[in-house]
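>>> sequence first, then the predicted structure, then my questions.
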Amino acid sequence: MPELPEVETIRGQLDKVLDGKTITEVEVLRAKSFLGDPRILEGKKIREVKRKAKVIEIYFEGAREMVIVHLKMTGQMVYVGGHPTVDWIRELPSKHTRVVWTFKDRAKLFFNDMRVFGWMKIVDLDEYEKGKRRTIPDVIDEGFSTEYLFTVLKRSRKPVKLVLLDQDKIGGIGNIYVNDALFLARINPLRASNSLDDVETKRLHSAVVKVIKLGIKYGGASAADEKFVNVFGLGGTYQKHFLVYQKNGQKCSECGTAIEKIKLGGRGTFYCPNCQV
DNA sequence: TGATATGTTATCTT
DNA sequence: CAAGATAACATATC
């Protein structure tokens, strides 16, 4: 579901489309989905939309507050421009719409979230900027070096896949890209994190960066059961390039062995038992 | 009907 | 005490 590439796709589109827009109304259709007083946002003008790991950050002009959004598993941010068509109005808000922002030019931003795990939150700008989360490197940040990854991996005996998914250590990787990255690096997801040597760590580092960048290039992944759509309601195409994710039973592209599916930390895990050691 | 899916966090167990 | 394991959250789909 939304991992760094999906969130980055949405961020880029929101940044363009919301630039300079002034909020006139915020409707909260489901209390759990919005934290803070929505009235605070009325009259606020959007300056910039940024991202840290899987969190979308919305900045306003001259405001003490900002908004952060986490889509969790099924969150969507859908934008309908200045003169919404009849079709869109009929479809949105949908059964899953949790929050609606309306702008001065009548454009609307819908926050849909089927499973209601995601949230939209008003936070104090200074406090947020000071938060220690910001110091955790994203996979595509400068700070995410092979050396950093090596130190992180050395500190745990857990299966390497779980350490890569740990957002307190590395930001942005989720279950889709971690499976593909481990395949690319030819490393078994079950391997004890601290058992990887420097050569394997180097391979893993470039593999992770590579698949995440590919994901961004293809506008994210929208597999059969994926709820990911971008700001314009369209899916991404990375699913056409999956290496092992959801390919259990199919032949490995390298050796022809059937891809296996196991459970690790309660999550679906896909790998080639022959190539990944 | 019950298993399954996913990101993160809370809580339990070594 | 900390690391690791697992349950919980909400809902649709098979």
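Sure, I can see it. Here the structure is a predicted model, which means the values were calculated and not measured.
>>> so which residues on chain A come close to DNA strand C?
Counting by CB under 7 Å from any atom of the strand, the residues of chain A close to DNA strand C are A:32, A:73, A:95-96, A:114-117, A:156-159, A:162, A:225, A:265-266. In this view, the C-beta of every residue, glycine as well, is placed from N, C-alpha and C.
>>> just the buried ones from those residues, in PyMOL syntax?
Listed next is the PyMOL selection for buried residues among those, using 16 or more other CB atoms under 10 Å:
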select buried, chain A and resi 73+96+158+159+162
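>>> give me the subset of the residues of chain A next to DNA strand C that lies in helices.
The helices, defined by DSSP state H, take in residue A:162 from the residues of chain A next to DNA strand C.
>>> show me which of the residues of chain A next to DNA strand C neighbour DNA strand B.
Okay, of the residues of chain A next to DNA strand C touching DNA strand B (CB under 7 Å from any atom of the strand), that's A:73, A:115, A:117, A:225, A:266.
>>> which one of these is nearest DNA strand C?
Taking CB to the nearest atom of the strand as the measure, DNA strand C sits nearest to residue A:115 out of these, at 3.5 Å.
>>> I'd say the closest one and residue A:74 touch.
Yes - at 4.7 Å, residue A:115 and residue A:74 qualify as touching, with contact defined as CB atoms under 8 Å.
>>> look up how far DNA strand C lies from the nearest residue to residue A:216 once chain neighbours are set aside.
Sequence neighbours aside, residue A:5 is the residue nearest to residue A:216 in space, at 4.5 Å (criterion: CB to CB, 6 or more residues apart in numbering). From residue A:5 across to DNA strand C, the span is 22 Å (CB to the nearest atom of the strand, to the nearest Å).
>>> doesn't residue A:177 make contact with residue A:5?
Yes - if you go by CB under 8 Å, residue A:5 and residue A:177 touch, sitting 7.2 Å apart.
>>> what sits in contact with each of the two?
Both residue A:5 and residue A:177 are in contact with A:212, A:215, where contact means CB atoms under 8 Å, 6 or more residues apart in numbering.
>>> hmm, back to that, tell me the least confident of the residues of chain A next to DNA strand C?
Least confident entry in the residues of chain A next to DNA strand C, by pLDDT: residue A:225, with 64.
>>> quick check: phi and psi on the closest residue to DNA strand B within the stretch 1-150 of chain A?
Of all residues in the stretch 1-150 of chain A, residue A:73 sits closest to DNA strand B, at 3.3 Å by CB to the nearest atom of the strand. For residue A:73, the backbone dihedrals (degrees, to the nearest 10) come out as phi -100, psi -40.
>>> how deep is the one residue in the stretch 151-277 of chain A that gets nearest to DNA strand B tucked in, by neighbour count?
Going by CB to the nearest atom of the strand, DNA strand B is nearest to residue A:174 of the stretch 151-277 of chain A, at 2.8 Å. Residues contacting residue A:174 under the criterion other CB atoms under 10 Å number 23.
>>> now it: closest residue in space, sequence neighbours ignored.
Closest to residue A:174 by CB to CB, 6+ apart is residue A:3, at 3.3 Å.
>>> you'd agree the one you found is up against residue A:215?
Yes - under the criterion of CB under 8 Å, residue A:3 makes contact with residue A:215 at 7.2 Å.
>>> can you show me the helices along chain A?
A:4-18, A:86-91, A:125-130, A:146-154, A:160-165, A:175-184, A:198-217.
>>> count the neighbours of residue A:189 for me.
What residue A:189 shows, counting by other CB under 10 Å, is a neighbour count of 23.
>>> report the contact partners of residue A:175.
Counting by CB under 8 Å, 6+ apart, residue A:175 has contacts A:1, A:3, A:165, A:245, A:267, A:268.
>>> so residue A:260 is in contact with residue A:250, correct?
No - at 10.6 Å, residue A:260 does not count as touching residue A:250 under the criterion of CB under 8 Å.
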